[in-house]
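S.K.: Please work out how this folds:
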Amino acid sequence: MRQIQLGQTGTMITDYCLGTMTWGSQTPEGDAHRQADMAFEAGIRILDTAEMYPVTPVRAETVGCTEEIVGNWLAAHPAKRADMVVATKITGRNAAFVRPGQDITAATLVQAFEGSLKRLRTDRIDLYQLHWPNRGSFHFRQNWTYDPSGQNKAATLAHIEEVLRAAEALIAQGKLGHLALSNDTAWGTAQWLRLSEEAGLPRIASIQNEYSLLCRIFDTDMAEMAVNEDVTLLAYSPLATGLLTGKYQGGSVPEGSRMAHDRSLGGRKTDRAVQAVAAYQKIADRHELDLIHMALAFTVQRPFAVSTIFGATTTAQLGRILAGLDVTLSDEVLAEINTAHRSIPMPY
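M.R.: Just a heads-up that it's a prediction; the model follows:
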């Protein structure tokens, strides 16, 4: 398992990260703990969760359940906890499930952080991420109609400094390792970095954005920022919520799958996505690769630092993923992937 540095922190993480968003909904606690054991034995040393999890669906009554499941596993394995980087997230403004209608502020950051700390049954959160920015985001298929013209720059900059100072206090108390972003932009990340440097405040270590064969928005402005500013990408949905397993091809909707709960897969299920998956399946078949392994290997071979977050509903699915984490794609395969991408770009 390859080790990479988390931003400029000196903390080392693995280039693959265990995701937990189905724990407590599709994945019962016993199975979740078995998954954590399997991932640890395979060499994974970073685990990602969020206060709003589990998903599929997100419900107010289950918010925090995943962190509790993670916390029970951490408490049962103190030696493993010492070696595992634990990442979680504070939820931004939303309509229904966590602090509805409230932005992320210094006060809500501390409130949410302390709640996560308690549920995770630990005395320190290694990486604390802002799930999405207050000013809005073009992620989650909002890129097609994205309009930043209503943003208030002064308010955004004041918010950034306020949150950085709250994070500084948590770090000084020994409760927080590093602050990070999620679903943010090149401009937004640049402002966090600039203000932290000007004021001597904590530096953003990473950004968790969607990235896969089907979603390569990160490849341009964000990639340049990540390389020049040493911001690590934590890539989520590398299998495009199951599309890149091939299990939904031909109109199939397996029982218990995410599509059985959400037919559009959060807007990812399109005719062009089906075409793109078929093209990548042909490449995998031609080179005798498992499509899942090819899709995941692609993400960690990018020209910027990446730790790819994978998740699985079942231990059988996780076992299949873990079997391919040492796969390396040849230049020939990567060239064919780029040709397919140019033919069917941004399929959702």
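S.K.: So what's the residue count around Ile337?
M.R.: A count of neighbours around Ile337, defined by other CB atoms under 10 Å, yields 20. From N, CA and C alone the C-beta is placed, and that goes for glycine too.
S.K.: ok, Phe218 - how many residues close by?
M.R.: The number of residues packed around Phe218, counting by other CB under 10 Å, is 22.
S.K.: The helix or strand that contains Thr108 - contacts with which helices or strands?
M.R.: Under the criterion of DSSP states H and E, Thr108 resides in helix 106-120. Packing partners of helix 106-120 (3 or more CB pairs under 8 Å, 6 or more residues apart in numbering; DSSP states H and E): helix 65-76, strand 85-90, strand 125-130, helix 153-172.
S.K.: now it, how far from the chain's geometric center?
M.R.: Its chain's C-alpha centre and that of helix 106-120 lie 19 Å apart, by CA atoms, centre = their mean, to the nearest Å.
S.K.: quick one: buried residues of that helix?
M.R.: Neighbour-count burial for helix 106-120 flags 106, 108-110, 112-113, 115-117, 119-120 (criterion: 16 or more other CB atoms under 10 Å).
S.K.: CA atoms of stretch 258-275 as CSV?
M.R.: Presented in CSV, the C-alpha positions along stretch 258-275 are these (Å, rounded to 0.1, in the frame of the first residue of the first chain):
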residue,chain,number,x,y,z
ARG,A,258,-28.0,2.2,-4.0
MET,A,259,-30.1,2.5,-7.2
ALA,A,260,-32.9,0.6,-5.6
HIS,A,261,-33.1,3.5,-3.2
ASP,A,262,-32.2,6.3,-5.6
ARG,A,263,-33.0,5.6,-9.3
SER,A,264,-31.0,8.5,-10.6
LEU,A,265,-28.0,7.9,-8.4
GLY,A,266,-27.9,11.6,-7.5
GLY,A,267,-28.2,12.6,-11.1
ARG,A,268,-25.4,10.3,-12.3
LYS,A,269,-27.6,7.7,-14.1
THR,A,270,-27.8,9.0,-17.7
ASP,A,271,-27.8,7.4,-21.1
ARG,A,272,-24.3,8.9,-21.7
ALA,A,273,-23.1,7.5,-18.4
VAL,A,274,-24.2,4.0,-19.6
GLN,A,275,-22.3,4.5,-22.8
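S.K.: Run the chain-centre distance for that stretch.
M.R.: Taking CA atoms, centre = their mean, one finds stretch 258-275 lying 19 Å from the centre of the chain it belongs to.
S.K.: for the stretch 151-300 of the chain, what spans make up the strands?
M.R.: 176-182, 206-210, 232-236 (DSSP state E, counting those that start in this stretch).
S.K.: ok, the residue of the chain positioned farthest from its centre to Thr105 distance?
M.R.: In the chain, Arg286 marks the outermost C-alpha relative to the chain mean, sitting 29.9 Å out by CA atoms, centre = their mean. Distance, Arg286 to Thr105, by CB to CB, to the nearest Å: 52 Å.
S.K.: Could you do Leu130 as well?
M.R.: From Leu130 to Thr105 the distance is 11 Å (CB to CB).
S.K.: helices and strands of the chain: which one bottoms out on pLDDT?
M.R.: The weakest-scoring helix or strand in the chain, judged by mean pLDDT, DSSP states H and E, is helix 258-261 (a mean of 80).
S.K.: For that helix, list every residue counted as buried.
M.R.: 258-259.
S.K.: Kindly report the same for stretch 154-163.
M.R.: So, applying 16+ other CB under 10 Å, buried residues of stretch 154-163: 156, 159-161, 163.
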